[in-house]
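In: any chance you could fold what I've pasted below:
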Amino acid sequence: MHSPSYRITYNSWHSRPISNTIKTLEVTLDQNLTLNKHVSSLSHSIHFYTRALRHIRPALTESMAASLGAALVQLRLDYANSIMYGMSASNMHKLRSAQNSLSRVVLPSLRHLSASERLSYLHWLPVNYRIATLTYKTLATCQPSYLYNLLQVYHPSRALHSSTQQLLHVPYMSTDFGRHAFSYSSPATWNSISISIKNCSSLYSFKCHLKSYFIAQLTNN
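Out: Model (predicted):
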């Protein structure tokens with residue numbers, strides 16, 4: 001016969017409600033895999049550090065403020081950013097707004113510029129194109145191996161114009177959440193940029209041309 005203390009522990013364990021979210025590797029997943037909770041948490045974190053930076057901004061040079069902004073915020077946007085691919089427009093808007101707010105704090109004298117112009121001045125890629133930089137670095141260095149092994153060059157079955165575009169194979173994914181995986185989002189984003197950008201000889205050159213391409217896209221839209 002079980003002891004009373006054991007029965008209380010057992011019953012207490014069964015009475016606990018099931019959580020609607022789970023946090024793993026600093027990514028918060030909700031029961032419908034919408035990433036709403038993760039984006040809200042990330043956006044809240046970015047705004048927290050932006051407010052903190054605003055308090056000390058008068059004592060910093062532009063270069064120092066930009067470095068702090070990149071270290072405190074841009075790294076958070078880079079972390080696990082492949083899962084942001086294909087997420088809802090409202091979630092993407094939250095992250096863009098957070099990034100834009102930071103750029104206004106870093107560049108108070110250029111607040112009159114558009115968000116895209118400030119990001120270009122700071123050499124900060126917009127949220128939805130940052131994965132392209134990670135793909136470029138992975139292809140150029142073959143590192144980290146766990147990401148490089150997920151990328152495969154696309155080889156058409158016959159001679160096509162696409163064979164000269166340095167395309168990557170985009171695997172089939174049956175679910176929307178599956179398309180957040182690096183193995184899908186990375187080649188899909190890479191294939192959307194021009195061959196001239198892909199052929200850049202350095203990461204710095206790649207970022208500059210990619211930002212110019214993105215800003216042109218915004219202007220055309």
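
In: any regions of this structure where pLDDT drops low?
Out: Along the chain, the model assigns pLDDT under 70 to residues 1-18, 31-32, 80-86, 126-128, 157-164, 215-221.

In: got the domain ranges for it?
Out: Domains of the chain are assigned by automatic domain parsing as 20-111, 125-221.

In: give me the helices and strands touching the host helix or strand of Ser196, please.
Out: Assessed by DSSP states H and E, Ser196 sits inside helix 195-198. The contact analysis (3 or more Cβ pairs under 8 Å, 6 or more residues apart in numbering; DSSP states H and E) places helix 195-198 against helix 203-220. Backbone N, C-alpha and C define where each C-beta goes, glycine included.

In: what sits against the nearest residue in space to Ser88 that is not next to it in sequence?
Out: Of all residues not flanking Ser88 in the chain, Thr34 sits nearest, at 6.9 Å (Cβ to Cβ, 6 or more residues apart in numbering). Contacts for Thr34 (Cβ atoms under 8 Å, 6 or more residues apart in numbering) come out as 87-88, 91.

In: again, only this time at 10 Å
Out: Thr34 is in contact with 87-88, 90-91, 176-177, counting by Cβ atoms under 10 Å, 6 or more residues apart in numbering.

In: at which residues are the helices of the protein located?
Out: For the chain, helices defined by DSSP state H occupy the ranges 4-15, 36-56, 62-69, 75-78, 89-106, 115-122, 130-141, 145-148, 182-191, 195-198, 203-220.

In: tabulate the ones you listed (a markdown table), appending mean neighbour count.
Out: Formatted as a markdown table, the helices of the chain follow (neighbours: other Cβ atoms under 10 Å):
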| stretch | mean neighbour count |
| --- | --- |
| helix 4-15 | 9 |
| helix 36-56 | 16 |
| helix 62-69 | 17 |
| helix 75-78 | 16 |
| helix 89-106 | 18 |
| helix 115-122 | 18 |
| helix 130-141 | 18 |
| helix 145-148 | 12 |
| helix 182-191 | 20 |
| helix 195-198 | 14 |
| helix 203-220 | 15 |
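
In: now render the ones you listed as TSV, adding distance to Pro171.
Out: Converted to TSV, these look like this (distance: least, Cβ to Cβ, whole Å):
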stretch	distance to Pro171
helix 4-15	40
helix 36-56	23
helix 62-69	35
helix 75-78	23
helix 89-106	23
helix 115-122	31
helix 130-141	15
helix 145-148	14
helix 182-191	6
helix 195-198	20
helix 203-220	23
